[in-house]
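**Student:** Generate coordinates for the sequence data below:
(one chain, ligands or ions: 2)
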Amino acid sequence: MGKISGFMEYGRELPSPRPVEERLRDYLEIEGNASTGQLQQQGARCMDCGVPFCHNGCPLGNLIPDWNDLVFKDRWEEAILALHATNNFPEFTGRVCPAPCEEACVLNINDDPVTIKLIEKHIIDHAFEQGWVKPLPPALKSGKSVAIVGSGPAGLACAQQLARAGHDVTVFERADRIGGLLRYGIPDFKMEKHLIDRRMEQMRAEGVEFKPGVAVGEDLPVERLTKDFDAAVLCVGSTESRDLSVEGRDLDGIHFAM
Ligand SMILES: Cc1cc2nc3c(=O)[nH]c(=O)nc-3n(C[C@H](O)[C@H](O)[C@H](O)COP(=O)(O)OP(=O)(O)OC[C@H]3O[C@@H](n4cnc5c(N)ncnc54)[C@H](O)[C@@H]3O)c2cc1C
Ligand code: SF4
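**Tutor:** Ligands and ions are numbered 1, 2, ... in the order given. Okay, the predicted model is just below:
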């Protein structure tokens, strides 16, 4: 645990968003950055709970108290190792995840939760700045090949894990660029797209082959997946909208998002 009395000494603090005058002139992320000192203070608020409910709240099971403590102690390189142990792309989740971990944080019972998402984003941004995020090609190749259909976050995480396990991985994507809704759904003001390109570079160096502009079932017959590859993983997302019988559904101007 960072600082035993941290949660009593410091309040939850988030950086101010970039000034409106600045934001009017661009489409870039609106969230501001915190200083190292601020982040260490926020990390110090973590109580290293005996039963850390943040773990349960996080769908990835991120090792949240561990990296909160490492940030408090200014041990950022170890923090990114702990973060990457459960999360392939913390630069995405640190920006767009709705942070159920914070809802679940024990401090949230009678105080404000730890700024888990903010700390996560800064750990990975700092790691990239320092050059700590390097390709991790496998030591041994399996000789097996896997086709992945769809390049959203699910397809990308799957591709990275399988490539690191030694398989030859090809990602097919029907859109002209890789990223799924990370690229074509989530707006730049929440997550700038160069972050996807940077990850793709790492993944290419790990052996992942990207094939955008290929709609499986149209440009490439489905049978080729089983004929040319040892396995196939379908990560195609959902473009089918779901109608709901909720109050106001019939009002004018109510449209499906997808
Ligand atoms: C406007 C918007 C904003 C959002 N904001 C947030 C947010 O702030 N936070 C958050 O957590 N989530 C957000 N989401 C939801 C999030 O983007 C999705 O939950 C996530 O992208 C799903 O990932 P996925 O990999 O399963 O699918 P997708 O990202 O949908 O990727 C599936 C990919 O498969 C491709 N594909 C489909 N069929 C084929 C085929 N036959 N051949 C080749 N390729 C194919 C598609 O083109 C697509 O690129 C948002 C979604 C939208 C639309
Ligand atoms: S629940 Fe909150 S205070 Fe407890 S370990 Fe997790 S982040 Fe820290």
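
**Student:** going forward, measure contacts and count neighbours with C-alpha atoms only.
**Tutor:** Fine.

**Student:** Please tell me how far the closest residue to ligand 2 within the stretch 101-250 of the chain sits from Gly237.
**Tutor:** At 3.6 Å from ligand 2, Cys105 is the closest residue in the stretch 101-250 of the chain, using C-alpha to the nearest ligand atom. Counting by C-alpha to C-alpha, to the nearest Å, the separation of Cys105 from Gly237 is 30 Å.

**Student:** ok, these two, which is more surrounded?
**Tutor:** Cys105 (24 against 15; other C-alpha atoms under 10 Å).

**Student:** what about the more buried one, distance to Gly32?
**Tutor:** Cys105 sits at a distance of 23 Å from Gly32 (criterion: C-alpha to C-alpha).

**Student:** Val236 too?
**Tutor:** 33 Å.

**Student:** Also Asp197?
**Tutor:** Taken as C-alpha to C-alpha, the span from Asp197 to Gly32 is 22 Å.

**Student:** Show me which of those two is the more surrounded one.
**Tutor:** Asp197 (15 against 11).

**Student:** Give me the next element, helix or strand, following whichever strand or helix holds the more buried one.
**Tutor:** Using DSSP states H and E, the element containing Asp197 is helix 194-205. Using DSSP H and E, the helix or strand that follows helix 194-205 in sequence is strand 209-212.

**Student:** close to ligand 1, is whichever helix or strand comes after that next one?
**Tutor:** Using DSSP H and E, the next helix or strand after strand 209-212 towards the C-terminus is helix 223-228. No: residues of helix 223-228 are not located near ligand 1 by C-alpha under 6 Å from any ligand atom, the shortest gap being 11.1 Å.

**Student:** buried set for helix 223-228?
**Tutor:** Leu225 (16 or more other C-alpha atoms under 10 Å).

**Student:** Can I get that helix in PDB, CA atoms only?
**Tutor:** Extracted C-alpha coordinates of helix 223-228, given in PDB (Å, rounded to 0.1, in the frame of the first residue of the first chain):
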ATOM      1  CA  GLU A 223     -14.400 -21.500 -46.900                       C
ATOM      2  CA  ARG A 224     -10.900 -20.000 -47.400                       C
ATOM      3  CA  LEU A 225     -10.800 -19.400 -43.600                       C
ATOM      4  CA  THR A 226     -10.900 -23.100 -42.900                       C
ATOM      5  CA  LYS A 227      -8.900 -24.100 -46.000                       C
ATOM      6  CA  ASP A 228      -6.000 -21.700 -45.700                       C
END
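
**Student:** partners of the next helix or strand after that helix in the sheet?
**Tutor:** The element immediately downstream of helix 223-228 (helix or strand, assigned by DSSP H and E) is strand 231-234. Under the criterion DSSP bridges, strand 231-234 sits next to strand 145-149 (parallel) in its sheet.

**Student:** Val246: neighbouring residues, count only.
**Tutor:** The burial count for Val246: 7, using other C-alpha under 10 Å.
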